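Visitor: A structural model of the following input is requested.
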Amino acid sequence: MKKTHKKALVLSLILAFLPLFTSNVLSQTFYLNKFLPVKNVTLHSLKDSYEISFPIPERWNVESATFTFPYVNSSALLAYKSRLTVLLDEIPLKQVALDPISNEGIVNVDIPGELLDPGYHQLTIMVAQHVEKECEDPFAPELWTFVKLEESKFSINYSLKSIPLKLSSIPTFIEDPKIIPMKKINFILTRLNDSILNIASIVAGGLGARMDYRPILISISQKYKEGMDNIFIGPKNELQKFKLNNEIESYNSLISIEHVPYKRKDENGQNVTKIDNKHVIIIITGNNEKEVKKAATAFSSLSLSFPRTKSMIIHETSIPALRPYDKKSFLSPGNPIFFSALGFSTHTFRGMNKKELKLEFYLPSDLYIKPNEYATMLLHFAYSASLRKDSNLKIMLNGKDVSSIHLDNENGAIFENYKISIPTYLFKPGKNTITFVSYLIPQIIKRCEGFQDMNIFLTMFDDSIIRFPKMSHWGKMPAIEYFFDTGFPFSRVATGSGACIFLTKIDVPRSTLALNLVAFLGQKTGMAPLKIHISSNLNLLKEKETIFLGSIDEIPQKFMEKAPLKLLKPVITVKYPQFDNLSGKRDRSWCQKLEERLRGFATLFPIKPYKEKSIVKEKLGSLDQETGLLMEFESPITKGKSILLWTAKDSSAFLNMSRLLWIGKIRSSSKGDLVLFPLNDIGKVESHLLGPKYYTGNLTKFDEFDFYLRSYPWLLVTLLITSVTVIAVILAIYLRRRKKKRLSGED
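Guide: Prediction:
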């Protein structure tokens, strides 16, 4: 009997899981904050909610999903009245009683696959909280539930759809920014040299630009990889070895699409070629490398306008000229910009709880921001009637409160060109975030009197305007954080003009990192860097912003002259920062003493503490096999140009660096001019600022004068003393001559 029961149990398990095997169902589980900017949130008052927008890719056919998150609620809540509800697109999926005794728990929300069509879905966590049976304060401090979204997980079971053999499938299925958590794609390069790599970089840049904010990891091989999408880049004669069906025989430049073939053994042990219609090979080819480059340029220039055909023949391409700093989400100083151009959409705040809305944009990383000017916002907004007079809209810049709008009209109002001025010194180079926080309170909200807040709202319109005053470009370097923030200085021009990537050796690891770096720059600018140059020729680095890829023993000594850390020299001198010396007890020249006096009395020159450093001399400094090194310093070839050095002890480390570029802690923790990071992404990322500073950009004559006065306060004192002395001398001469004339007249 026991054996019979075991056989029945095994058979039932096989039958239960058989659909998973027959339908090729895939499963993924990941933390939600790996692909969405979610954070822990506290829900307050009688009712509150938090919304999460998450994507489902076009190529997924979702079978089921599970959303899991822990929470903690107040121990003062009434269990029979307090509830936590999870909704998907306003459809309730799960309810949990908020128990004051068992006030910690984990919510598992099962989501049916039929509710998860491709596109963006709104997941809402809503609470109704009560601490009294009747007549309760809607804002009582004990009304709270803490939702640990940073620990939340998303598990999903899905199968892949067949991809139609049409070029219009590329933006829909292959370059879909909704692919989570990362898009992986393989480049088929049958040979590696400077010219092929430069063509491949055009394609990589276009992929990065169209994937928007989603990470894309590029690999390189000499043949196609099964189970993933591939892109073939090369001349027509190299394409023939793959025996792909090609309906067009006569062409110069061609873009085409094919399903991925794979070989399997049949029941007789013979190799049989089959077709994987879930993955494709995109073919970018031509008669020669010039024609291949034309096809690659066309591929990276297209977006949603891919034709609904299997192939397209390229006759000619034309790329518009771009000015420096013309990029997506960049605020051009001196020009008024609509909020809509920065990705902002008209939004309505509803209800009485605090709500936030963010406007994110970038300023050039080398902007010379002067503190005595103002940025201007001209807001277009409207709010409802029946608001209490203490309702307001708070405005924050980079987490700091900068302004507030009093919503004091009980009949409601609409405003156009409502002016808000913000001092420019509160902005920072690179990414800035303006947050609008609404505090809407109903006019009737008494303890024992019924109230409702569904009629109160505030709408912020996307035709509002922001203008940053025109300023010079003069950035203080080195600053590795600028690279991870905006790609600066290699993204100064979105096309990559004036930048290059130098490889000490043309091989797969270095080439893989180079292509991922180009895709990263394309994502930061929103456009393929078509003119960035990949080379192994040192003579091409002059007048270029350079990304340098090479293992430690391959770096020419002349490139390490200005590096903050000089490895593999007989003796290395390293200055390690120890502490900020605020005591002022140190030997100083009379100029420094005068400068400190001036800084103490003038807000124009802020006090800057001295950084005490210890000097360590080390013999034969190097790295271990598990550590990568990232350094930024001024080019020894061209003044004002930067070198960003990626190096490690072994060249195989560059494959790991390609992955870390997209997902590692290196992106969020890197700053200064020296970054040491673990190649396995386990451990601490160490950032330092050890080397000399330098500046990049150009100043107007007036800004140059202003810069020197702010950098050297003693110069201002010298000018003032000289001016006063000259005026005094002129005045003394004038008075002496006047006295002489007056006395001679009396005589």
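
Visitor: switch to C-alpha atoms for all contacts and neighbour counts from now on
Guide: Will do.

Visitor: longest strand of the protein?
Guide: Longest strand in the chain, counting residues (DSSP state E): strand 271-286.

Visitor: Which SSE is immediately downstream of that strand?
Guide: helix 289-301 (DSSP states H and E).

Visitor: hmm, who's touching that next one?
Guide: For helix 289-301, the external contacting residues (CA atoms under 8 Å, 6 or more residues apart in numbering) are 195-196, 199-200, 202-203, 205-207, 233-235, 252-255, 284-286, 314, 316-317, 319, 528, 530.

Visitor: From the residues you listed, keep the buried residues only.
Guide: Taking 16 or more other CA atoms under 10 Å as the criterion, what is buried in the contacts of helix 289-301 is 196, 199-200, 202-203, 205-207, 233-235, 252-255, 284-286, 314, 528, 530.

Visitor: ok, and what's touching the longest strand of the chain?
Guide: Contacts for strand 271-286 (CA under 8 Å, 6+ apart): 160-163, 224, 227-236, 239, 251-266, 291-292, 295-296.

Visitor: Distance from that strand to the middle of the chain?
Guide: 33 Å (CA atoms, centre = their mean, to the nearest Å).

Visitor: Okay, now the sheet partners of it, with direction.
Guide: Within its sheet, strand 271-286 is paired with strand 229-235 (parallel), strand 253-265 (antiparallel), according to DSSP bridges.

Visitor: Of the ones you listed, flag the one that's most buried.
Guide: strand 229-235 (a mean of 25; mean count of other CA atoms under 10 Å).

Visitor: just checking, what packs against the following helix or strand past that strand?
Guide: For strand 229-235, the following helix or strand on the C-terminal side (DSSP H and E) is helix 236-239. Judged by 3 or more CA pairs under 8 Å, 6 or more residues apart in numbering; DSSP states H and E, the packing partners of helix 236-239 are strand 271-286.

Visitor: how many degrees apart are the strand it packs on and helix 289-301 in direction?
Guide: 90 degrees (axes from the mean of the first three to the mean of the last three CA atoms, to 10 degrees).

Visitor: pLDDT of strand 271-286, averaged?
Guide: Mean pLDDT, computed over strand 271-286, is 89.

Visitor: so Phe490 makes contact with Tyr482?
Guide: No - counting by CA atoms under 8 Å, Phe490 does not reach Tyr482; the two are 10.0 Å apart.

Visitor: picking up where we left off before, tabulate the strands paired with strand 271-286 (JSON lines), appending distance to Asn417.
Guide: Below are the strands paired with strand 271-286 laid out as JSON lines (distance: least, CA to CA, whole Å):
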{"stretch": "strand 229-235", "distance to Asn417": "49"}
{"stretch": "strand 253-265", "distance to Asn417": "48"}
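
Visitor: By mean pLDDT, show me the worst of these.
Guide: strand 253-265 has the lowest average pLDDT among the strands paired with strand 271-286, namely a mean of 87.

Visitor: Alpha carbons only: can I get it in CSV?
Guide: Extracted in CSV, the C-alpha atoms of strand 253-265 (Å, rounded to 0.1, in the frame of the first residue of the first chain):
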residue,chain,number,x,y,z
SER,A,253,23.8,48.1,-47.0
LEU,A,254,21.2,46.0,-45.3
ILE,A,255,19.3,45.6,-42.0
SER,A,256,17.4,42.3,-41.7
ILE,A,257,16.0,40.0,-39.0
GLU,A,258,16.0,36.2,-38.6
HIS,A,259,15.0,33.7,-36.0
VAL,A,260,17.9,32.1,-34.1
PRO,A,261,18.7,28.6,-35.4
TYR,A,262,19.9,25.8,-33.1
LYS,A,263,21.0,22.2,-33.6
ARG,A,264,19.6,19.2,-31.7
LYS,A,265,19.9,15.5,-32.2
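
Visitor: centre of the chain versus that strand, how much separation?
Guide: On CA atoms, centre = their mean, the centre of strand 253-265 falls 34 Å from that of its chain.

Visitor: so which of the strands paired with strand 271-286 comes closest to Leu387?
Guide: Evaluated with CA to CA, those place strand 229-235 nearest to Leu387, the distance being 55.0 Å.

Visitor: Lys476 versus Gly640, what's the distance?
Guide: Distance, Gly640 to Lys476, using CA to CA, to the nearest Å: 10 Å.

Visitor: what is in contact with those two at once?
Guide: 694-696.

Visitor: List just the nearest of these to Arg738.
Guide: Tyr695 (51.6 Å).

Visitor: quick one: the strands in the stretch 351-500 of the chain?
Guide: 355-363, 374-383, 392-397, 400-406, 413-423, 430-439, 457-460, 465-467, 473-477, 499-503 (DSSP state E, counting those that start in this stretch).

Visitor: Lowest average pLDDT across those?
Guide: What stands lowest among the strands of the stretch 351-500 of the chain, in mean pLDDT terms, is strand 473-477, with a mean of 87.

Visitor: Make sure I have this right: Lys524 is in a strand.
Guide: No - with DSSP: H, G, I helix; E, B strand; the rest coil as the criterion, Lys524 is helix rather than part of a strand.

Visitor: Any buried residues in stretch 81-96, and which?
Guide: Buried residues in stretch 81-96 (16+ other CA under 10 Å): 82-88, 94-95.

Visitor: do stretch 352-369 as well
Guide: Buried residues in stretch 352-369, counted by 16+ other CA under 10 Å: 352-355, 357, 359-369.

Visitor: What of stretch 134-152?
Guide: 137-138, 142-152.

Visitor: do stretch 338-350 as well
Guide: Within stretch 338-350, judged by 16+ other CA under 10 Å, the buried ones are 338-342, 344, 349-350.

Visitor: what's stretch 641-655 in contact with?
Guide: Under CA under 8 Å, 6+ apart, the answer for stretch 641-655 is 478, 489, 509-510, 512-513, 543-553, 622-625, 627-635, 679, 696.

Visitor: related to what we said a few turns ago, tabulate the buried residues of stretch 81-96 (CSV), appending secondary structure and distance to Thr504.
Guide: Output for the buried residues of stretch 81-96, formatted as CSV (DSSP: H, G, I helix; E, B strand; the rest coil; distance: CA to CA, whole Å):
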residue, secondary structure, distance to Thr504
Ser82, coil, 64
Arg83, strand, 62
Leu84, strand, 58
Thr85, strand, 57
Val86, strand, 54
Leu87, strand, 54
Leu88, strand, 52
Lys94, strand, 57
Gln95, strand, 60
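
Visitor: Identify the farthest-apart pair in the residues you listed.
Guide: Checking those with CA to CA, the most distant pair is Ser82 and Leu88, at 20.1 Å.

Visitor: What ranges does the protein have for its helices?
Guide: In the chain, the helices defined using DSSP state H lie at 2-22, 169, 194-210, 236-239, 289-301, 480-486, 508-525, 590-601, 653-663, 666-669, 701-711, 713-746.

Visitor: For those, which has the smallest mean pLDDT value?
Guide: Among the helices of the chain, helix 2-22 scores lowest, with a mean of 44.

Visitor: if we can go back for a sec, identify those among the shared contacts of Gly640 and Lys476 that sit within strands.
Guide: 694-696.

Visitor: Present those as a markdown table; the columns should include distance to Leu331, neighbour count and pLDDT.
Guide: Shown next, in a markdown table, are these (distance: CA to CA, whole Å; neighbours: other CA atoms under 10 Å; pLDDT from 0 to 100):
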| residue | distance to Leu331 | neighbour count | pLDDT |
| --- | --- | --- | --- |
| Tyr694 | 25 | 15 | 90 |
| Tyr695 | 22 | 17 | 88 |
| Thr696 | 20 | 19 | 88 |
